[in-house]
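In: Structure for the following, please:
(2 chains)
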Amino acid sequence: MTRETGPLLEMRGITKHFGAITALDQVDLQLYSGEVLGVVGDNGAGKSTLMKVLSGLYSASSGEVILDGRPVQLNSPRDAQGMGIEMVYQDLALAGNLPVHENIYLGREPGRQHFGIKIVDRKLSRRLAQEHLDRLHIEVKSVDQKVEELSGGQAQAVAIARATAFDARLVIMDEPTAALAIKEVGKVLDLIKRLSDHGTGVILISHRMDDVFFVCDRVMALFHGRNFEESEISGTSRNEVIGWIMGTKGHTEGLAHDRL
Amino acid sequence: MTVSDDAGQNELETPAARRMRLIERYGVFAVVILMMVILSALEPDIFPTTQNLTNILRQIAMNALLALGLYIVIMTAGIDLSVGSIMALATMLLAMVDTSGMPWPLVLLVGPLVGIACGAVNGLGLTVLRLPHPFIMTLGTLYSIRGITNLVSGGRPVSGVSQEVRFLGSGEIPLPFLGEYASFPVSAIVILVCYGGVAYFINKVSLGRHIVAVGGNPQAARVSGINVDRILLIVYCLSGFFAGMAALMMAGRTGAGFPNAGIGAELDAIAAVIIGGASFFGGRGSVLGVFAGVLVMGLLRNGLNLMDVSAFWQQTMIGMIVVGAVYVDVLRRRAGATS
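Out: Predicted coordinates for the structure are as follows:
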C-alpha cells in the first residue's frame, strides 16, 4: 500500500437516483494502490449500483470520481477500461464457445489493421494469454480449451485474467466466489492477493465474511444507499461487520447469532 | 480453408465425447462421401460423369449462397426468413434496370446493393425497434418484400437479361481435356470465392470473431466493449448481400426476374445450415460444414432425379435428414454432459 502518494481512486458524494428512488446518497469511497477493499451491505444497499457507476455502466446523478488526483468522466465501460478500471461480473460474462485466449482478449484482439479491418494474430494471442496466465499462476490445460469446458473456478480465474490483461490499475469483483465449489474459493482468493501484490487496487463485493477477512485490507459497509461504517480489517470483527450490514453498530456476538 | 484449429485438447475427453466430436465435425462429410459412393454404384454411367457432377454445382449455386448468408445469421442465434423474397426482389430489379438499358457493370451491383438494403431493414428493425426475435422482423419482410416485388413488376416476369449480366450465373469455362462438351460453371467459382471469403472473415478477422462471440454470449460481448447492435446490423446486411448474390445466379440461369422466384428458398437454406452442423442456438458451426450441408441436399436431389424418384420423396427425405442431423447434435451434447 502506498498511502504516501494519496489514494488511487476517490469517489466523492456519489448520488444516484432512479426516478423517485435514491439508490446512492452522498457515498464516498477511497482506494489505494495495492489495497483490497471489501464493500459489504445487504441486498439493495447500493453496492452494485456504486460499482456500476465506477465501471461506466451507470452515470451518477451527482458526485465526482477522481483517479490519481484528477477528476474523470466515465460514460461507458470503454471509458473505464481506457483508464485501467476493469470489472469482473458475477455471471462471469465469458463466451463459452470461444477458447480461453480469445476470451481474454475479446474486443481487444492483438492483430494488424489493414484498411480498417483487423486481422487477428492468433499465435500472438495464444502466447500473450499463456504468459499472462503464467504471471498470475493460473493453470488451464491449454489456452485453446473452450471456456465452457472449464470448471467454475477456472472460468472465474479466466475472467480475472481478462480483467487484468491490459495493466488494470483497479479491478472490481462482484461476488467472485459465490458460484464456486469450496475447494476453488481458496484459489480465487489467492489470485486476488496476488493482484494486490502486483500493485493493483481491488474492490471486492462479497457476502462471505470468510472471504472479506481473508483478503481485504479494509472493509466499508453501505446501508440504505449511504456510507454506514468502515474500518481497517485488523480493527474489526466478523460479527461487527455483520452488524453493519444489518444497520447496527456496537453489535454483540450474541445478537449476531440471534439474527442470522 | 482453415476453418478451425483446436488441436491439443483431445486428451481431455472421454472416448465417447471424442467420438461424438468427430461425428459432429466430420459426420456430414462422411454422409457426402457415402452418398457419392452409393450414387456411383447405382448409376455408374450417369452419376460420376463430369457433365453430371458439374451440373450438381450449377444446381446448388443459389442455395449455396443463401445458406452462406443464413450461416452467419444463425451463428448469432438469429434467423433470416426473408432471403427468398430478397432474392426475388433483387432479381426482379436487376432484370428491370438491365432491360431498360443500364450499363451491365452497374446492373451487377444492383443485386448485392438491393440485398444489403433489405438486410439493413431487417437489422434496423431488430436493433432499433427492439422486436423480440429476428423471426418476427424477417417474417414481416418475407411478406413485404415479396409484395414489393409484385408491385414493381405488376406480378409479371421480366425477361431478356443481357449475356454480360448472365455470365456469373450461367457462364462456362471450357475444359477440353475432359471431353468435347466438358466445362466448369462460373457460378461454382463465385461460390468458392464467397465461401473462402466468409471462412477467412469468420476465423481471422476481429469483426468475424465478434460475430462468433455474440453467438456464444451476447452479454460477454457487450461488456467487452463490442457494439452488439452494430454486429447484428452487419450480420443481416451480409445475409441480404448473399441473397443479392443468389439473385445474380438466378438471373444468370433463367435470364429473367420472376415475381414468384425463391418461394420457400429460405427453408432450403436453413436446412442446409442445420444439416451442416451449425447450432440453432448460435456460436457453433463451420463454413465447410455449411458447404457439405448444401452438397448433401444437392446430391439427394440429383440422385433421386437420376433414379426417377418423385420430388415428393425428396421433400420427405430432406426433412428426415434435418431431424437426424440435429439428433446427432443432441447425442453429442448428452455425451459431453456425462463426461
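
In: Enumerate every residue touching residue 61.
Out: Using chain A here. When contacts are counted by C-beta atoms under 8 Å, 6 or more residues apart in numbering or on different chains, A:Ser61 touches A:15-17. Quick note: C-beta positions are derived from backbone N, CA and C, even for glycine.

In: Can you look at chain B instead?
Out: Each residue near B:Ala61 by C-beta under 8 Å, 6+ apart is listed here: B:169, B:185, B:187-188, B:190-191, B:246, B:249, B:253.

In: Now do the buried residues in the helix or strand where it lies.
Out: Element membership of B:Ala61, judged by DSSP states H and E, is helix B:50-75. Using 16 or more other C-beta atoms under 10 Å in any protein chain shown as the test for burial, helix B:50-75 gives B:52, B:54, B:56-75.

In: How many neighbouring residues does B:Leu175 have?
Out: 13 (other C-beta atoms under 10 Å in any protein chain shown).

In: Surely it touches B:Phe184?
Out: Yes: in this structure, B:Leu175 is within contact of B:Phe184 by C-beta atoms under 8 Å, at 5.6 Å.

In: And the helices in the stretch 51-200 of chain A?
Out: All helices of the stretch 51-200 of chain A, identified by DSSP state H, counting those that start in this stretch, fall at A:77-82, A:100-104, A:122-135, A:152-163, A:182-197.

In: Single out the most deeply packed of those helices.
Out: Of these, the one with the most neighbours on average (mean count of other C-beta atoms under 10 Å in any protein chain shown) is helix A:100-104, at a mean of 27.

In: Quick one, which of the contacts of A:Ser61 are buried?
Out: Neighbour-count burial within the contacts of A:Ser61 applies to A:15-16; the criterion is 16+ other C-beta under 10 Å.

In: Columns pLDDT on top of the contacts of A:Ser61, output as CSV?
Out: Putting the contacts of A:Ser61 into CSV (pLDDT from 0 to 100) gives the following:
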residue, pLDDT
A:Thr15, 94
A:Lys16, 94
A:His17, 93
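
In: Residues of the stretch 51-200 of chain A that sit close to chain B?
Out: By the rule C-beta under 8 Å from any C-beta of the partner chain, the part of the stretch 51-200 of chain A lying against chain B is A:77-78, A:81, A:87, A:89, A:91-99, A:102-103, A:106-109, A:111, A:117-120, A:122, A:141-142, A:144-146, A:149.

In: how about the strands of chain B, start to end?
Out: All strands of chain B, identified by DSSP state E, fall at B:158-159, B:172-174, B:183-185, B:256-257.

In: avg pLDDT for the third one?
Out: Over the span of strand B:183-185, the pLDDT mean works out to 91.

In: helices and strands around that strand, which ones?
Out: Strand B:183-185 sits against helix B:50-75, strand B:172-174, with contacts defined as 3 or more C-beta pairs under 8 Å, 6 or more residues apart in numbering or on different chains; DSSP states H and E.

In: can you check the second one too?
Out: Based on contacts counted as 3+ C-beta pairs under 8 Å, 6+ apart, the elements that strand B:172-174 packs against are strand B:183-185, helix B:186-204.

In: Kindly recompute the last result at 6 Å.
Out: When contacts are defined as 3 or more C-beta pairs under 6 Å, 6 or more residues apart in numbering or on different chains; DSSP states H and E, strand B:172-174 sits against strand B:183-185.

In: who touches the residue positioned nearest the centre of chain A in this structure?
Out: Within chain A, the residue whose C-alpha comes closest to the C-alpha centroid is A:Ile172; the distance, by C-alpha atoms, centre = their mean, is 1.6 Å. A:Ile172 is in contact with A:51, A:55, A:87, A:203, counting by C-beta atoms under 6 Å, 6 or more residues apart in numbering or on different chains.

In: redo that, cut-off 7 Å
Out: For A:Ile172, the contacting residues are A:51, A:54-55, A:87-88, A:203, taking C-beta atoms under 7 Å, 6 or more residues apart in numbering or on different chains as the criterion.
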